[in-house]
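> no FASTA, just this:
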């Protein structure tokens, strides 16, 4: 009886461990993206295509399973044309000084990057109709609350205007200090959202990540409405 119980427990634990899998998207050149990154790439493309008869979409060429990771080999299409891979703008900023900025937040307070030197900074880039951006907001709120006694500065930057952001915040809670109307600064770093930048006390960019990975059920390969904040918090501790 005891042996059967142990086998039953081990079987249950094994099934639980296999209940979720990681989804990654791989381009023809071998660049790997998370589901959040792919979603944000497509959404950002379609935002820019508004008013035209063109749409962006992903074509899955094949699937490859490696351990607990499923790689979706894909091509990005706009209408019937295949889009070449984007240069990763973010890569050229790693280990460099954070480019200076000065903007007003939603309350009209001036935020100058020079005034933030000596403090760790997390910069979150997003926009109001970006589903991957919204998906990670509960975790971002939780993390900000967790480190509220520290001197970490949590800033959120968007290219959208103040009124649009305020309307969004009536429906969705987001506790980062938000800077609207920062299109030039957003465009400097990325065409894809969300993007999180980790800046150390010396003003150096330690790491840049796209959105937190969205977890998937391994059997149905569907989203489970959760994101994995593990890597985000790991990078946060490096600059704390």
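Noted; the coordinates are in hand. Computed from a predicted model, the values in this text were never measured in an experiment.
> shaky segments in the protein?
1-20, 36, 40, 44, 47-48, 51, 79-91, 215-225 (pLDDT under 70).
> contacts only, for the residue nearest the centre of the chain.
The chain has residue 211 as the residue nearest its centroid, 1.1 Å off, counting by Cα atoms, centre = their mean. Residue 211 is in contact with 34, 36-37, 40, 132-133, 135-136, 193-196, 227, counting by Cβ atoms under 8 Å, 6 or more residues apart in numbering. From N, CA and C alone the C-beta is placed, and that goes for glycine too.
> any of those residues buried? List them.
Using 16 or more other Cβ atoms under 10 Å as the burial test, the contacts of residue 211 include 34, 36-37, 40, 132-133, 135-136, 193-196, 227 as buried.
> test my guess that residue 162 contacts residue 179.
No. Here residue 162 lies out of contact with residue 179, judged by Cβ atoms under 8 Å, at a distance of 9.8 Å.
> hey, what's in contact with both of those two?
residue 106.
> who has more neighbours, these two?
Counted by other Cβ atoms under 10 Å, residue 162 and residue 179 do not tie: residue 179 has more neighbours, with 23 against 17.
> now do the same contact list for that one.
103-106, 111, 155-158.
> now with 7 Å, please.
Contacts for residue 179 (Cβ atoms under 7 Å, 6 or more residues apart in numbering) come out as 103, 105, 111, 155-157.
> distance to residue 21 added to those, as a markdown table?
Converted to a markdown table, these look like this (distance: Cβ to Cβ, whole Å):
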| residue | distance to residue 21 |
| --- | --- |
| 103 | 40 |
| 105 | 39 |
| 111 | 40 |
| 155 | 33 |
| 156 | 30 |
| 157 | 32 |
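> turn those residues into JSON lines, columns for secondary structure and neighbour count.
Formatted as JSON lines, these follow (DSSP: H, G, I helix; E, B strand; the rest coil; neighbours: other Cβ atoms under 10 Å):
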{"residue": "103", "secondary structure": "strand", "neighbour count": "17"}
{"residue": "105", "secondary structure": "coil", "neighbour count": "17"}
{"residue": "111", "secondary structure": "strand", "neighbour count": "17"}
{"residue": "155", "secondary structure": "strand", "neighbour count": "21"}
{"residue": "156", "secondary structure": "strand", "neighbour count": "26"}
{"residue": "157", "secondary structure": "strand", "neighbour count": "25"}
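> ok, those vs residue 142, which is closest?
Nearest to residue 142 out of the contacts of residue 179 is residue 156 (Cβ to Cβ; 14.8 Å).
> the nearest residue in space to that closest one that is not next to it in sequence and residue 61, how far apart?
Among residues not flanking residue 156 along the chain, residue 176 sits closest, at 3.7 Å (Cβ to Cβ, 6 or more residues apart in numbering). Distance, residue 176 to residue 61, using Cβ to Cβ, to the nearest Å: 37 Å.
> now swap in residue 193 and tell me
25 Å.
> make sure residue 62 is actually in contact with residue 72.
No. Contact criterion Cβ atoms under 7 Å: residue 62 and residue 72 do not qualify, at 8.1 Å.
> more neighbours: these two, which one.
When neighbours are counted by other Cβ under 10 Å, residue 62 and residue 72 differ, and residue 72 comes out ahead with 18 against 9.
> partners of that one in the sheet?
residue 25, residue 63 (DSSP bridges).
> residue 21 too?
Here residue 21, judged by DSSP bridges, has bridge partners residue 216.
> burial check on it, number of neighbours?
16.
> distance of it relative to residue 100?
42 Å.
> contacting residues for residue 186?
When contacts are counted by Cβ under 7 Å, 6+ apart, residue 186 touches 125, 157-159.
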